[in-house]
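J.: The following comprises the amino acid sequence and a computationally predicted model.
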Amino acid sequence: MPPRREPLPVASILVADDEPRLRQTLAHLLRNRGFAVTEAHGGREACRLLGEGRFDLALLDLNMPERDGFQVMEEAARVQPDCGIVVVSGEGSFSTVSRALRRGALDYIRKPFDPEELLATVEGVLGKQSLIRAHELVQTRLEKSEALHRYIVNSSPDIVFMLDEAGRICFINNKVESLLGYDPGELSGKHFRHLLDDRDVARGTYALQSPDISADNPRTLEVRLKTRGSEKATRHFEITAFPFDPQTWPEAGKASGEFSGQLARYYGIARDVTERKEAEAFINFQAYHDLLTRLPNRALFKDRLELAITQARRNQQKLAVMFLDLDRFKVVNDTLGHAMGDRLLQAVTHR
């Protein structure tokens, strides 16, 4: 008979909301999916439970008496930093969502929520939390086992590479093919600047030539790497590299990928952060633009106006501000509805 498998541990979830009916509905929904659920009727009780038990995930409302959701998030970060946070709130303003994400929330769900969407979000976050913990465990074992190191290189989600003294690629794993489109063999022996975007060549080259770079003080930088077949298409990567003694890893070439036989001098990992950079750019755009018309909002207008006023005073010049108004726009909203008014605003901005 095959050996009996141990059952997977049940995820423990804390649900904190001061509305009894909504909290009980949410808890019932999660229990039916097989999760172990603990309920808290407010922020103070949620903080107490976080200090007494261990939770894989906490679903928090933001507007709670005594201690609000942001205060509970701070307490969770202090006593249970591994506990994931998902905000379930009726607050939908950009500033609130942005603040919650900055405080460590992994996702944000607006009330009223769709049950299937909420369950999918919970399972997705728990899956990510599990992957993060697994990665941290692997990193610890990597220091103790050379054999495990080769296994991690072979299955790594990042590009793992080694460079010789001159900066030529002497090993790169197969991940470079799925992320950038290059076959590892065609990169073997080429200088690493072959992959760098022209705008980052000087910075990337200088990073490895820095006199203070070492295994204890690795160099980390964000650069753009070119994809195969297009000089303009790039992806953003966070690269961490450091020099090492090649005698300490005599079997480095046994990892899957391409090894040129050259004496490796630098070891590095390139992590794809394109989605993060795009998300940061989108959040920055939202902060300074109107999402309906895509035009600069009041905050950006005020910033540019103050800058123009300062320059005009410095250069002893005059400044003009043009104001455009739509006549009888309120009539359109009142007679045809706000949806048609929004379409009119969008049409005007395209002219």
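T.: Arrived safely, thanks for sending. Keep in mind it's a predicted model, so treat the numbers as computed, not measured.
J.: correct me, but residue 242 touches residue 212?
T.: No. Between residue 242 and residue 212 there is no contact, the gap being 11.0 Å when judged by Cβ atoms under 8 Å. The C-beta positions use only the backbone N, C-alpha and C, and glycine is treated the same way.
J.: Identify the residues contacting residue 210.
T.: Contacts of residue 210 were listed using Cβ atoms under 8 Å, 6 or more residues apart in numbering, and they are residue 219.
J.: ok, residue 242 and residue 212, which is more surrounded?
T.: Between residue 242 and residue 212, residue 242 has the larger neighbour count (other Cβ atoms under 10 Å), namely 17 against 6.
J.: So for that one, what's the pLDDT?
T.: We have a pLDDT of 88 for residue 242.
J.: how far out from the middle of the chain is stretch 322-338?
T.: 40 Å (Cα atoms, centre = their mean, to the nearest Å).
J.: Oops, could you answer that again for stretch 225-238 instead?
T.: The answer for stretch 225-238 is 19 Å, by Cα atoms, centre = their mean.
J.: What of stretch 19-33?
T.: Offset of stretch 19-33 from its chain centre (Cα atoms, centre = their mean): 29 Å.
J.: and that stretch, which residues are buried?
T.: Within stretch 19-33, the residues scored as buried using 16 or more other Cβ atoms under 10 Å are 22-23, 26-27, 29-30.
J.: Closest to residue 182 out of these?
T.: Top of the list for closeness to residue 182, among the buried residues of stretch 19-33 and by Cβ to Cβ, is residue 30 at 44.6 Å.
J.: need the contact list for the closest one.
T.: For residue 30, the contacting residues are 13, 15, 37, 119, 122, by Cβ under 8 Å, 6+ apart.
J.: Generate a ChimeraX selection restricted to the buried subset of the residues you listed.
T.: Those of those that count as buried under 16+ other Cβ under 10 Å are selected in ChimeraX with:
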select :13,15,37,119,122
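J.: want to throw the contacts of residue 30 into a markdown table with distance to residue 167 and secondary structure?
T.: Converted to a markdown table, the contacts of residue 30 look like this (distance: Cβ to Cβ, whole Å; DSSP: H, G, I helix; E, B strand; the rest coil):
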| residue | distance to residue 167 | secondary structure |
| --- | --- | --- |
| 13 | 49 | strand |
| 15 | 53 | strand |
| 37 | 54 | strand |
| 119 | 49 | helix |
| 122 | 46 | helix |
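J.: if I look at residue 62, how far off is residue 126?
T.: When distances are taken as Cβ to Cβ, to the nearest Å, residue 62 and residue 126 turn out to be 21 Å apart.
J.: In terms of neighbours, single out the busier of the two.
T.: Set side by side, residue 62 and residue 126 show more neighbours around residue 62, with 22 against 18, by other Cβ under 10 Å.
J.: okay but residue 171 is in contact with residue 164, surely?
T.: No. Counting by Cβ under 8 Å, no contact exists between residue 171 and residue 164, whose distance comes to 9.7 Å.
J.: Tell me the residues that contact both of these two, please.
T.: With the criterion set as Cβ under 8 Å, 6+ apart, the overlap between the contacts of residue 171 and residue 164 is residue 264.
J.: neighbour-wise, which of the two wins?
T.: Of the pair residue 171 and residue 164, residue 171 is the one with more neighbours under other Cβ under 10 Å, namely 24 against 19.
J.: Output the contacts of residue 30 in JSON lines; the columns should cover pLDDT and distance to residue 203.
T.: As requested, the contacts of residue 30 are arranged in JSON lines below (pLDDT from 0 to 100; distance: Cβ to Cβ, whole Å):
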{"residue": "13", "pLDDT": "90", "distance to residue 203": "44"}
{"residue": "15", "pLDDT": "91", "distance to residue 203": "47"}
{"residue": "37", "pLDDT": "91", "distance to residue 203": "50"}
{"residue": "119", "pLDDT": "89", "distance to residue 203": "45"}
{"residue": "122", "pLDDT": "89", "distance to residue 203": "41"}
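J.: Contact partners for residue 64?
T.: 16-18, 42-43, 46, 72.
J.: Out of those, which sit inside helices?
T.: Assignment to helices by DSSP state H places the following of the contacts of residue 64 there: 43, 46, 72.
J.: which helices and strands does the longest strand that the chain contains pack with?
T.: Using DSSP state E, we find that the single longest strand of the chain is strand 234-243. The elements that strand 234-243 packs onto, with contact taken as 3 or more Cβ pairs under 8 Å, 6 or more residues apart in numbering; DSSP states H and E, are helix 201-209, strand 219-226, strand 266-272, helix 274-288.
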